[in-house]
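Engineer: Sequence isn't available, so here's the structure alone:
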Ligand code: SAH
């Protein structure tokens with residue numbers, strides 16, 4: 001199977017500023033000015049373990065209090081700054097009175113090769129301070145590149161709420177336990193497995209301070225990885241109909257820990273954006289009338305990747321267990337002795353019904369719900385469909401892959417005695433931003449496809465329950 005297109009992760013969009021996390025511990029930094037802002041910056045910088053020198057003719061009274069704390073290394077020089085102060089410092093932060101002084105200072109800093117930040121004067125800044133969520137050693141920085149700092153602060157508050165305080169302890173534990181992993185000769189993947197398990201534990205017990213028991217469990221997971229090298233696996237994951245918010249939490253987790261992702265071309269880019277950046281992506285397009293990979297090739301590829309020890313995610317549109325040939329893929333894995341797991345997804349019919357705000361079942365209109373494929377092995381309408389059941393006036397039918405044969409479906413339903421005015425709704429690109437919906441009847445539905453250019457995947461929902469759909 002040589003012609004598998006590899007889909008790359010989306011290229012990164014233009015980045016206003018580069019978020020980097022700069023270790024300042026033990027380095028000399030300079031703060032110029034005695035304003036509140038300057039003092040706060042001195043405190044912030046000193047909290048990283050930097051040796052801070054504040055230069056200002058008069059000191060801010062608050063500075064004395066901060067300086068008195070044991071953990072703060074802040075010196076104060078009561079005088080004006082001069083060019084020589086910029087020698088040998090890692091960074092400089094200043095709050096100065098006017099533009100002229102700011103210009104002078106920034107040109108000296110540039111000459112000395114020292115990155116500078118001047119409070120409230122973005123034009124003179126090499127770097128900016130973002131909003132900070134501090135769970136050190138876990139640190140989150142937020143920037144709006146000066147566009148709207150208040151927004152950044154509001155986002156910070158959200159993240160504060162989202163990040164349990166206990167994560168600080170887990171991150172600390174990770175730092176302390178890291179040498180235990182490094183001391184062993186483990187493959188990259190074994191290490192990943194160990195840390196994945198660690199992260200799982202942290203998420204399960206976010207407010208618990210990791211203790212001896214957790215450390216023992218961690219050690220045990222290292223031993224286990226050392227004894228049994230990581231085994232590849234296959235996870236069939238439902239990508240849902242398109243809207244990435246319809247992914248399950250499990251699906252996101254699987255995407256985040258995948259080594260390789262084999263995906264249909266139906267799967268939207270927005271969904272793929274949830275995948276681990278390093279994961280290799282392979283498109284196994286299987287769309288009706290396009291050139292595609294053979295199912296046997298897909299099975300073979302899946303198995304061989306898992307045999308290499310990789311965590312393979314087989315990502316399928318909608319629910320993997322509905323018209324996705326999952327049975328064959330599961331069988332291939334079982335035959336090869338590869339562990340396989342299935343994560344369900346939201347099927348196109350459910351996504352479309354949700355968009356239409358309509359119930360697929362209804363006490364008065366529909367006591368049966370049937371999903372059918374209108375696409376047989378030869379690409380034609382299957383000849384063994386139960387037309388009597390499909391024409392049942394008390395059923396809702398969701399037709400998958402019906403685009404090319406809708407006219408024939410329509411005449412067969414009419415021939416089976418279904419009322420011509422039975423509602424039918426066609427939903428193209430259900431739940432995507434470009435979703436389109438067409439309300440019609442079973443008699444007229446063929447003409448909708450004739451009149452409209454429907455390039456995207458389409459699902460047809462028919463039956464009297466559809467009479468209650470949002471217009
Ligand atoms: N496993 C998928 C179905 C795969 S068969 C699921 O559970 O949804 C492919 C067919 O599904 C398409 O031909 C189309 O009929 C339907 N389909 C998939 N995604 C769709 C979407 N976003 N909108 C409309 N129909 C969709």
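Structural biologist: Alright, I've got the coordinates. This one's a predicted model, so the numbers in the text were calculated from it and none came from an experiment.
Engineer: Can you list phi and psi of whatever residue of the stretch 201-350 of the chain ends up closest to the ligand for me?
Structural biologist: Proximity of the stretch 201-350 of the chain to the ligand (C-beta to the nearest ligand atom) peaks at residue 318, 1.9 Å away. C-betas here are computed from N, CA, C, even on glycine. Torsion angles at residue 318 (phi, psi; degrees, to the nearest 10) stand at phi 60, psi -130.
Engineer: That one pairs with what?
Structural biologist: residue 240 (DSSP bridges).
Engineer: Tell me how many other residues surround it.
Structural biologist: Using other C-beta atoms under 10 Å, residue 318 has 29 other residues around it.
Engineer: residues contacting it?
Structural biologist: 238, 239, 240, 241, 266, 324, 345, 346, 347, 348, 351 (C-beta atoms under 8 Å, 6 or more residues apart in numbering).
Engineer: and the ligand, which of those residues reach it?
Structural biologist: Taking C-beta under 6 Å from any ligand atom, the overlap between these and the neighbourhood of the ligand is 241, 266, 324, 347, 348.
Engineer: ok, so of those residues, who is nearest residue 198?
Structural biologist: residue 324 (33.2 Å; C-beta to C-beta).
Engineer: Tell me how many other residues crowd that closest one.
Structural biologist: Neighbours of residue 324 (other C-beta under 10 Å): 21.
Engineer: Same check on residue 248?
Structural biologist: Around residue 248 there are 16 residues (other C-beta under 10 Å).
Engineer: go on, residue 457?
Structural biologist: Residue 457 has 21 nearby residues by other C-beta under 10 Å.
Engineer: out of the ones next to the ligand among the contacts of residue 318, who has the most neighbours?
Structural biologist: Highest count within those by other C-beta under 10 Å belongs to residue 241, 30 neighbours.
Engineer: Apart from its neighbours in sequence, what residue is nearest it?
Structural biologist: Among residues not flanking residue 241 along the chain, residue 351 sits closest, at 3.4 Å (C-beta to C-beta, 6 or more residues apart in numbering).
Engineer: What is the burial count for the one you found?
Structural biologist: For residue 351, the tally of surrounding residues (other C-beta under 10 Å) stands at 24.
Engineer: Same question for residue 399.
Structural biologist: There are 26 residues near residue 399, going by other C-beta under 10 Å.
Engineer: so how far is residue 343 from it?
Structural biologist: Using C-beta to C-beta, to the nearest Å, residue 399 is found at 25 Å from residue 343.
Engineer: Was I right to think residue 305 contacts residue 279?
Structural biologist: No. Taking C-beta atoms under 8 Å as the definition, residue 305 is not a contact partner of residue 279, at 11.5 Å.
Engineer: if I look at these two, which residues touch both of them?
Structural biologist: 259, 260.
Engineer: which non-adjacent residue is nearest residue 374?
Structural biologist: Closest to residue 374 by C-beta to C-beta, 6+ apart is residue 402, at 3.9 Å.
Engineer: Can you list the low-confidence ranges for the stretch 201-350 of the chain?
Structural biologist: Applying pLDDT under 70 to the stretch 201-350 of the chain flags the ranges 286-292.
Engineer: how about the helices in it?
Structural biologist: For the stretch 201-350 of the chain, the helices defined by DSSP state H, counting those that start in this stretch cover 212-227, 249-256, 269-272, 295-307, 326-336, 348-356.
Engineer: buried set for the shortest one?
Structural biologist: When you say that, I think you mean helix 269-272. Going by neighbour count (16 or more other C-beta atoms under 10 Å), the buried part of helix 269-272 is 270, 271, 272.
Engineer: That one close to the ligand?
Structural biologist: No. Contact of helix 269-272 with the ligand (C-beta under 6 Å from any ligand atom) is absent, the minimum separation being 11.0 Å.
Engineer: And that helix, what does it pack against?
Structural biologist: Helices and strands touching helix 269-272, by 3 or more C-beta pairs under 8 Å, 6 or more residues apart in numbering; DSSP states H and E: there are none.
Engineer: returning to that earlier point: from the ones next to the ligand among the contacts of residue 318, pick the one nearest residue 186.
Structural biologist: Distances from residue 186 to these, taken by C-beta to C-beta, are shortest for residue 324, at 35.6 Å.
Engineer: what sits against the residue nearest the centre of the chain?
Structural biologist: Nearest to the mean C-alpha position of the chain, by C-alpha atoms, centre = their mean, lies residue 274 at 2.7 Å. Residue 274 is in contact with 244, 247, 251, 252, 255, 256, counting by C-beta under 8 Å, 6+ apart.
Engineer: With neighbour count and distance to residue 218 as new columns, can those residues be given to me in a markdown table?
Structural biologist: As requested, those are arranged in a markdown table below (neighbours: other C-beta atoms under 10 Å; distance: C-beta to C-beta, whole Å):
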| residue | neighbour count | distance to residue 218 |
| --- | --- | --- |
| 244 | 17 | 33 |
| 247 | 22 | 30 |
| 251 | 25 | 27 |
| 252 | 16 | 24 |
| 255 | 24 | 25 |
| 256 | 15 | 20 |
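Engineer: If we check the ligand, which of those residues are in contact?
Structural biologist: Okay, of the contacts of residue 274, nothing touches the ligand (C-beta under 6 Å from any ligand atom).
Engineer: between those, which is nearest residue 71?
Structural biologist: residue 256 (36.6 Å).
Engineer: for the closest one, what are its contacts?
Structural biologist: 274, 275, 276.
Engineer: any idea how far residue 46 is from residue 375?
Structural biologist: Counting by C-beta to C-beta, the gap from residue 375 to residue 46 is 68 Å.
Engineer: My error: substitute residue 405 in the last question.
Structural biologist: 73 Å.
Engineer: Also residue 363?
Structural biologist: From residue 363 to residue 46 the distance is 69 Å (C-beta to C-beta).
Engineer: and these two? which has more neighbours close in?
Structural biologist: residue 46 (22 against 8).
Engineer: how about that one, secondary structure?
Structural biologist: helix (DSSP: H, G, I helix; E, B strand; the rest coil).
Engineer: you'd agree it is up against residue 73?
Structural biologist: Yes. Counting by C-beta under 8 Å, residue 46 touches residue 73, with 6.0 Å between them.
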